[in-house]
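S.K.: the amino acid sequence is not available; the structure is as follows:
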């Protein structure tokens, strides 16, 4: 079964030549503006029940009692799932077979290890009955003291950070570098816990049919989710069908299947009927990951000409008490600025929280705001303009490894963004600019960077007798534009107009498209699509060039090119033949080809691969009240080939707005006595609203990269946060003369 | 506790619906779970995000903070009721053209708010649009394009 999506209702824009590079509107846009796009929680299979989680109101301890009878007595309640009656699993949810398998809370016992952990699931005929039933459980607890702050537990050096990188890395002699410096700075910055808060709460509609499982749930990685569920339930992955055509945002929180999603499957198992389970907003502050808090100390030394002699970036962070994810914040200093000595190091504590996970630019975002702030402090200490200082320390090779960059148009980013912003007229000293209303005005900048990562993906291409094409890969669209960008790559790969291509994605019964994460989905699944297209065109060319009746006979596979549904001889384009004619002569109704996308190991070994950018920010600060407004943002980004500039600009804007949010808005606040998050809702956990967002400009800087992959794609989903957050912080300093050292920047920090 | 239901008549997008509901059912859950036009979305269920914005007698309201019973006898318009005979409403067309959404989950609410914002006369400048669209959160950060779309649609509606 494949998804029946009608994605061709909106005419594509006029264009010349290839689909790649065209600013097409979203192919799923018509569905999204009419309310017809079906998200997981929009599904209602016949006989469906509603499940609601009851979650822990303590931080650590055990559940002593639950009033199950009261809940079951409520009209409409069908069942209450607790550790006593939860269906058996084939695998321990606390088992960890590999580093990317995260422990889940699936009612395996009565222990509570973080607030908002599930302690029971109430299943009822209606959502209202299930909600009331959960409230009637009236849990009693045996509570233990909560450990909530970076100083509340013993610190240690983690075995690995991020995706398993070393916690400590050295290049050169850091102490010698600091000693030889003419100027030194040392500064400590704190970043808070942050929660993804995708607009769509995690949701699942699960239906069992014997040992076959049908699921609607948002997933950034369908095959990984399928494998995880298969392992937990002891069934074959192919018996599980997951549909995820649209994610209402992910940002990393839907990368791995979460505990609540699996509980929805267990609930359906328990009652023998389809079940829908949707997290309430406040329940998203615990079991679905977050960005861990950090405290980062940077020490830098500079010689008499403002060249860095040493960078020491140390980060303290936190994981949960029961699993390992360590925000690799200090690693941000590996790639940006040249220095003969660089040390990055991490330490961590274990706190009574849900396990932190990947959140948009994990490590890069947290590390960048500290590094870019410190670079700004270093520039000021040297009496240099921050842009001049960054250019003085521009890395010609990747600083930590010495590898050449596969491409790096950072200088062009600096110059284009600085010009568009008007940076040249910036006074060096802070607190010198005021606007007509008397507001303190400041300009700051930051460098943006994000690695060009690829995972593994597969795609299947088919050419049909009527000359049209089909491209299938289980890609995930969480808003980045997969439905559109991949259809564009598919059209070019198949040598067809985009209207002639049926592109299918978002379902686990399609070829594995890998994960929509790490800004690597377009490159990875895009290359699989590109290669599948090439494979099927090669088969078609064989059919034509090997047949005496074809005008292409004897041209050889390399001697033809595919365009607009026809194969042409390269050396004589007057000789051509349509796909339909070639297939008809061969007596075939269709032919297919398969392709893979993966990083090239040889070029991985040789080159450092990163996208780059430069962001300039203007802020205005009320001199009396300290209120901060960002009034202008200009970014320029170079990230290889742009598949669709309309969508890419949206990704940059979104990232830059996350950068503003990092600097000024978002923070989960934990009550030190109870360990509970006090602002677990969208009113008090501040994310930017429309009125918080200024004029934003994103310039797309041309960059050819022959080494990242054949299509030259890097990635654009996360880089916008980096650079921006620091640029805003540096602009606040420039406006006020007060250096922000903790984030988000608070009014009280400026009123000193 | 026994389950008490009451008859509730809802007029949605010009269609009359007779339902038997518990009094505690919100307009949002009545729409999504009982009537199945699921374009109206639930983001927070607390009136904090705007994803569930619909029109009641032409005014924007949060369906999660409105009981279905309160909407009886009033004209309810949801995202499904904006397009006429397959023609997108100018605000829908402008959102598509300006790429004023990414994941699309807040989009129904943004568009319903935008239609009302223009009708209220609050789309006179970019700053005014930002202020009067501030009740609809977009975590993807499509705000600059939302402002552009509302500006474009306001001009089209006026002409």
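M.R.: Thanks, I have the structure now. Predicted model only: the values in this text are computed from it and were never measured. Numbers count the residues shown, from 1 in each chain, chains lettered A, B, ... in the order given.
S.K.: where in the chain is pLDDT low?
M.R.: Using chain A. A:1-17, A:752 (pLDDT under 70).
S.K.: oops, I was thinking of chain B
M.R.: Those would be B:1-3, if you go by pLDDT under 70 across chain B.
S.K.: domain boundaries for it, per the record?
M.R.: Here the domain parsing of chain B from automatic domain parsing is B:6-81, B:90-158.
S.K.: pipe those into CSV and attach distance to residue A:398 per row.
M.R.: Where C-beta positions appear, they are placed from N, C-alpha and C, glycine not excepted. Below are the domains of chain B laid out as CSV (distance: least, Cβ to Cβ, whole Å):
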stretch, distance to residue A:398
domain B:6-81, 41
domain B:90-158, 30
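S.K.: tell me which of the ones you listed is the most buried.
M.R.: Mean neighbour count (mean count of other Cβ atoms under 10 Å in any protein chain shown) peaks for domain B:90-158 among these, with a mean of 23.
S.K.: that one and chain A in contact?
M.R.: Yes: for domain B:90-158, a contact with chain A is found by Cβ under 8 Å from any Cβ of the partner chain, at B:92-93, B:95-97, B:99, B:101-108, B:111, B:129-131, B:133-147.
S.K.: give me the distance between the two termini of that domain.
M.R.: End-to-end distance for domain B:90-158: 11 Å, by Cα to Cα, to the nearest Å.
S.K.: what strand or helix carries the residue in the stretch 101-250 of chain A that chain B sits nearest to?
M.R.: The nearest approach of the stretch 101-250 of chain A to chain B comes at residue A:248, 3.0 Å away (Cβ to the nearest Cβ). Taking DSSP states H and E as the definition, one finds residue A:248 inside no helix or strand.
S.K.: remind me, longest helix of chain B?
M.R.: helix B:143-158 (DSSP state H).
S.K.: list the helices and strands that helix packs on?
M.R.: Contacts defined by 3 or more Cβ pairs under 8 Å, 6 or more residues apart in numbering or on different chains; DSSP states H and E place helix B:143-158 against helix A:645-664, helix B:90-98, helix B:107-119, helix B:126-132.
S.K.: residue A:295 against residue A:316, yeah?
M.R.: Yes: using Cβ atoms under 8 Å, residue A:295 makes contact with residue A:316 at a distance of 4.6 Å.
S.K.: the more surrounded of the two?
M.R.: residue A:316 (22 against 19; other Cβ atoms under 10 Å in any protein chain shown).
S.K.: how about the more buried one, what does it touch?
M.R.: A:150, A:155, A:294-296, A:346-349 (Cβ atoms under 8 Å, 6 or more residues apart in numbering or on different chains).
S.K.: neighbour-wise, which of the residues you listed leads?
M.R.: Going by other Cβ under 10 Å, residue A:346 tops the contacts of residue A:316 with 29 neighbours.
S.K.: A strand includes it, no?
M.R.: Yes: counting by DSSP: H, G, I helix; E, B strand; the rest coil, residue A:346 is found in a strand.
S.K.: list the contacts for the nearest residue to it once chain neighbours are set aside?
M.R.: Nearest in space to residue A:346, with sequence neighbours left out and distances taken as Cβ to Cβ, 6 or more residues apart in numbering or on different chains, is residue A:167 at 4.4 Å. Residues in contact with residue A:167 (Cβ under 8 Å, 6+ apart) are A:157-161, A:326, A:345-347.
S.K.: please report how far residue A:167 lies from residue A:368.
M.R.: Distance, residue A:167 to residue A:368, by Cβ to Cβ, to the nearest Å: 19 Å.
S.K.: from chain B, which residue is nearest to chain A?
M.R.: Closest point on chain B to chain A, by Cβ to the nearest Cβ, is residue B:39, at 1.9 Å.
S.K.: so who does that residue touch?
M.R.: A:34-36, B:78-80, B:108.
S.K.: closest to residue A:255 out of these?
M.R.: Closest to residue A:255 out of the contacts of residue B:39 is residue B:108 (25.6 Å), distances taken as Cβ to Cβ.
S.K.: which other residues reach the longest helix of chain B?
M.R.: Contacts for helix B:143-158 (Cβ under 8 Å, 6+ apart): A:650, A:653, A:657, A:688-690, A:693, A:695-696, B:90-91, B:93-95, B:97-101, B:110, B:114, B:117-118, B:123-124, B:126, B:129-130, B:133, B:138.
S.K.: quick check: end-to-end length of stretch A:264-281?
M.R.: End-to-end distance (Cα to Cα), stretch A:264-281: 16 Å.
S.K.: residue A:457: neighbour count?
M.R.: Residue A:457 has 28 neighbours, counted by other Cβ under 10 Å.
S.K.: one more: residue B:159?
M.R.: Considering only other Cβ under 10 Å, residue B:159 is surrounded by 6 other residues.
S.K.: out of the contacts of residue A:316, which is nearest to chain B?
M.R.: Checking the contacts of residue A:316 one by one against chain B (Cβ to the nearest Cβ), the nearest turns out to be residue A:294, at 21.8 Å.
S.K.: for that closest one, list each beta-bridge partner.
M.R.: Beta bridges link residue A:294 to residue A:191, residue A:317 when assigned by DSSP bridges.
S.K.: for the stretch 101-250 of chain A, what lies in contact range of chain B?
M.R.: Going by Cβ under 8 Å from any Cβ, the residues of the stretch 101-250 of chain A near chain B are A:126-129, A:197-201, A:246-250.
S.K.: how about a cut-off of 7 Å?
M.R.: Applying Cβ under 7 Å from any Cβ of the partner chain, we find that the stretch 101-250 of chain A lies next to chain B at A:127-128, A:197-200, A:246-249.
S.K.: those in helices, which ones?
M.R.: Those of these lying in helices (DSSP H): A:127-128.
S.K.: show me what contacts residue 77?
M.R.: Just going to use chain A. A:71, A:122, A:124, A:129-130, A:133 (Cβ atoms under 7 Å, 6 or more residues apart in numbering or on different chains).
S.K.: chain B was what I was after
M.R.: Residue B:77 neighbours (Cβ under 7 Å, 6+ apart): B:13, B:54-55.
S.K.: surely residue A:653 and residue A:697 touch.
M.R.: No: counting by Cβ atoms under 7 Å, residue A:653 stays clear of residue A:697, with 9.1 Å between them.
S.K.: pull out the buried residues from stretch A:266-280.
M.R.: A:266-271, A:273-280 (16 or more other Cβ atoms under 10 Å in any protein chain shown).
S.K.: in CSV, list those residues along with distance to chain B and secondary structure.
M.R.: Shown next, in CSV, are the buried residues of stretch A:266-280 (distance: Cβ to the nearest Cβ, whole Å; DSSP: H, G, I helix; E, B strand; the rest coil):
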residue, distance to chain B, secondary structure
A:266, 22, helix
A:267, 17, helix
A:268, 17, helix
A:269, 22, helix
A:270, 21, helix
A:271, 18, helix
A:273, 15, coil
A:274, 14, coil
A:275, 14, strand
A:276, 9, strand
A:277, 13, strand
A:278, 7, strand
A:279, 11, coil
A:280, 6, coil
